[in-house]
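Participant: no sequence for this one, just the structure:
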Ligand SMILES: NC(=O)c1ccc[n+]([C@@H]2O[C@H](COP(=O)([O-])OP(=O)(O)OC[C@H]3O[C@@H](n4cnc5c(N)ncnc54)[C@H](O)[C@@H]3O)[C@@H](O)[C@H]2O)c1
């Protein structure tokens, strides 16, 4: 279904790796709603080739950029400026923890791995916004979004140093969001339900997380398509005064102490 909510809007979408990726669904929905955009991902992700399929489907250019590289980002934003002039939205859908990948527990972090994961998952959001800021590429009433997880506020075993990375990411959204206000641009993070994606699958016990969250949420987990629809609303002109927020998009999980479904499961133990 299309409402034409993003007709005439231009943007950049980071992080579509395969058709499970949240960013992939966001790109599909933005396209349906009339937006034009550039797709970007790390050079290594490009080699997997799947992003070309999405680019074809949505009529988008694909520009490789390591989101931790200021130089790569500058080239990407130069391309965006040449193609579109100014842009209206940016999605940062990027996350990676080397410690999680290598199975290192929170009590045994490798600090070189930690620094790398922090740069990829958190600081890259600052770098992306700085590249946009320096070029003054955002139109007034533009919208910048990053994706996060509730482990920034509460402890979830096995989410490891990503919990700290997400706290830092949310803080960057608030801090930089203040300055973007001068240019009438909003900056928010969406705290999304668990979704089975490549990044999600890297977290030990993700199926347990996923099923527990589904049972704990009065509306059930929000899936990638639900998330894409929420992103569309936040890129649209219907949400112009929402900024510097961490917006929970989780079927009510974040406000539920315990659900009847969970109580029932423990009742007869
Ligand atoms: N899947 C979940 O359960 C879930 C829940 C809440 C939030 N999130 C967040 O959503 C975002 C997207 O994750 P996803 O679940 O769609 O998984 P995904 O693995 O499909 O996406 C992660 C993306 O980050 C990209 N990336 C990694 N290093 C990069 C770098 N150096 N430069 C540029 N891109 C880089 C990957 O190539 C990939 O496209 C992440 O921030 C993730 O933490 C995911």
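Facilitator: Everything's here; your move. Keep in mind that this is a model prediction, so the values were computed, not measured.
Participant: Residues of the protein that sit close to the ligand?
Facilitator: Selection of the chain residues close to the ligand by CB under 6 Å from any ligand atom yields 14-15, 17, 21-23, 41-42, 45, 66-68, 93-96, 120, 147-149, 192, 194-195, 197-200. (C-beta placed from N, C-alpha, C; glycine too.)
Participant: residues in contact with residue 50?
Facilitator: Applying CB atoms under 8 Å, 6 or more residues apart in numbering to residue 50 gives the contacts 17-19.
Participant: If you rank those by neighbours, which is first?
Facilitator: Neighbour counts for the contacts of residue 50, by other CB atoms under 10 Å, peak at residue 17, which reaches 22 neighbours.
Participant: Make JSON lines out of the contacts of residue 50 and add distance to residue 236.
Facilitator: Converted to JSON lines, the contacts of residue 50 look like this (distance: CB to CB, whole Å):
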{"residue": "17", "distance to residue 236": "25"}
{"residue": "18", "distance to residue 236": "26"}
{"residue": "19", "distance to residue 236": "24"}
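Participant: want to throw those into CSV with pLDDT?
Facilitator: Compiled in CSV, the contacts of residue 50 are given as follows (pLDDT from 0 to 100):
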residue, pLDDT
17, 95
18, 94
19, 95
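Participant: What about the nearest residue to residue 240 once chain neighbours are set aside, how many residues nearby?
Facilitator: Setting aside the residues directly before and after it, residue 240 is nearest to residue 141 in space (CB to CB, 6 or more residues apart in numbering), at 5.2 Å. Neighbours of residue 141 under the rule other CB under 10 Å: 14.
Participant: Contact partners for residue 141?
Facilitator: For residue 141, the contact set (CB under 8 Å, 6+ apart) comprises 88, 184-186, 237, 240.
Participant: farthest-separated two in those residues?
Facilitator: 185 and 237 (13.1 Å; CB to CB).
Participant: would you list every one of the strands in the protein?
Facilitator: Ranges of strands in the chain, per DSSP state E, are 10-14, 36-41, 61-64, 87-92, 138-148, 186-192, 246-249.
Participant: of all these, which gets the most neighbours per residue?
Facilitator: strand 87-92 (a mean of 27; mean count of other CB atoms under 10 Å).
Participant: now that strand against strand 10-14, angle please.
Facilitator: Strand 87-92 and strand 10-14 are oriented at 10 degrees to each other (axes from the mean of the first three to the mean of the last three CA atoms, to 10 degrees).
Participant: And strand 87-92, how far out from the chain middle?
Facilitator: Chain-centre distance of strand 87-92: 11 Å, with CA atoms, centre = their mean, to the nearest Å.
Participant: ok, residue 265 touching residue 215?
Facilitator: Yes - using CB atoms under 8 Å, residue 265 is in contact with residue 215, at 7.4 Å.
Participant: the more surrounded of the two?
Facilitator: residue 215 (18 against 12).
Participant: The more buried one contacts residue 259, correct?
Facilitator: Yes - counting by CB under 8 Å, residue 215 does reach residue 259; the two are 6.2 Å apart.
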